[in-house]
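>>> Please find the sequence and the predicted model below.
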Amino acid sequence: MPRGRSQNQSSVVLLKEETRMLGAIQMMTAFSLHCLGVIWMYLLVSQLMVFQNSYFPIATLLGYPFWSAAIFNLSGIFAVLAQRTSSRILVTYTIVMHIISAIVASIGVLLISLEILAVSLTPGDFIWVHKSAKLLSEYLLLFSLLELLVAITVTRWAKQAKRR
């Protein structure tokens, strides 16, 4: 067996079940972020506009839940495909896509953290709409942190597999 062929096979050996599961987690995270974005937009349009809008949803107004969901879903698809095939080029695409995914998740964490910080520093009593909005932002933050951790893990595993 040629030496190049065994290197490809060893990269598949390292990218077995764990990578496929993390890819599935990424796709579920993307779906959850998208659904949270839809709920956030509904809350923004139906309730926050009626009550005085002291809550400014930075991440949602920039569309973060929607464009990040697309990128995270694509990263998950690449992770699953890289686990199933022995193509070195697909492992390279997986690494690139997960680096992009980690950058997007980092931007999301920063935006959502600023949003939550701004709301926390706002004086006054919150009504239920503002508490619900803050809770939705906290869920967005948790899912973005999850995506960041998964993207870093898959990138590390794919780089190790490509080196061997």
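Okay, I see it. Numbers count the residues shown, from 1 in each chain.
>>> Could you use CA atoms for every contact and neighbour count after this?
OK.
>>> Could you point out the longest helix of this structure?
helix 128-163 (DSSP state H).
>>> so what secondary structure elements neighbour that helix?
Applying 3 or more Cα pairs under 8 Å, 6 or more residues apart in numbering; DSSP states H and E, one finds that helix 128-163 contacts helix 3-14, helix 17-43, helix 64-84, helix 88-120.
>>> What residues of the longest one count as buried?
So the one you mean is helix 88-120. Using 16 or more other Cα atoms under 10 Å as the test for burial, helix 88-120 gives 88, 90-95, 97-102, 104-109, 111-113, 115-116, 119.
>>> If you average the pLDDT over that helix, what comes out?
Mean pLDDT, helix 88-120: 92.
>>> Measure how it sits relative to helix 17-43, angle-wise.
Angle of helix 88-120 versus helix 17-43, following axes from the mean of the first three to the mean of the last three Cα atoms, to 10 degrees, is 40 degrees.
>>> same question, the third one
For helix 64-84 and helix 17-43, the angle between their directions (the same axes, to 10 degrees) works out to 160 degrees.
>>> Same question for helix 64-84: list its buried residues.
Neighbour counts over helix 64-84 (16+ other Cα under 10 Å) mark 64-66, 68-83 as buried.
>>> can I get the CA coordinates of that helix in PDB?
Written as PDB, here are the backbone C-alpha positions of helix 64-84 (Å, rounded to 0.1, in the frame of the first residue of the first chain):
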ATOM      1  CA  TYR A  64     -26.400  36.900  14.300                       C
ATOM      2  CA  PRO A  65     -28.800  34.000  15.100                       C
ATOM      3  CA  PHE A  66     -29.500  33.600  11.400                       C
ATOM      4  CA  TRP A  67     -26.200  33.900   9.700                       C
ATOM      5  CA  SER A  68     -24.300  32.100  12.500                       C
ATOM      6  CA  ALA A  69     -26.800  29.200  12.200                       C
ATOM      7  CA  ALA A  70     -26.000  28.800   8.500                       C
ATOM      8  CA  ILE A  71     -22.300  28.800   9.200                       C
ATOM      9  CA  PHE A  72     -22.500  26.400  12.100                       C
ATOM     10  CA  ASN A  73     -24.700  24.000  10.100                       C
ATOM     11  CA  LEU A  74     -22.200  24.000   7.300                       C
ATOM     12  CA  SER A  75     -19.400  23.300   9.700                       C
ATOM     13  CA  GLY A  76     -21.400  20.400  11.100                       C
ATOM     14  CA  ILE A  77     -22.000  19.000   7.600                       C
ATOM     15  CA  PHE A  78     -18.300  19.200   6.900                       C
ATOM     16  CA  ALA A  79     -17.400  17.400  10.100                       C
ATOM     17  CA  VAL A  80     -19.800  14.500   9.300                       C
ATOM     18  CA  LEU A  81     -18.500  14.300   5.800                       C
ATOM     19  CA  ALA A  82     -14.900  14.300   6.900                       C
ATOM     20  CA  GLN A  83     -15.600  11.500   9.300                       C
ATOM     21  CA  ARG A  84     -17.200   9.400   6.500                       C
END
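>>> Alright, I will stop here.
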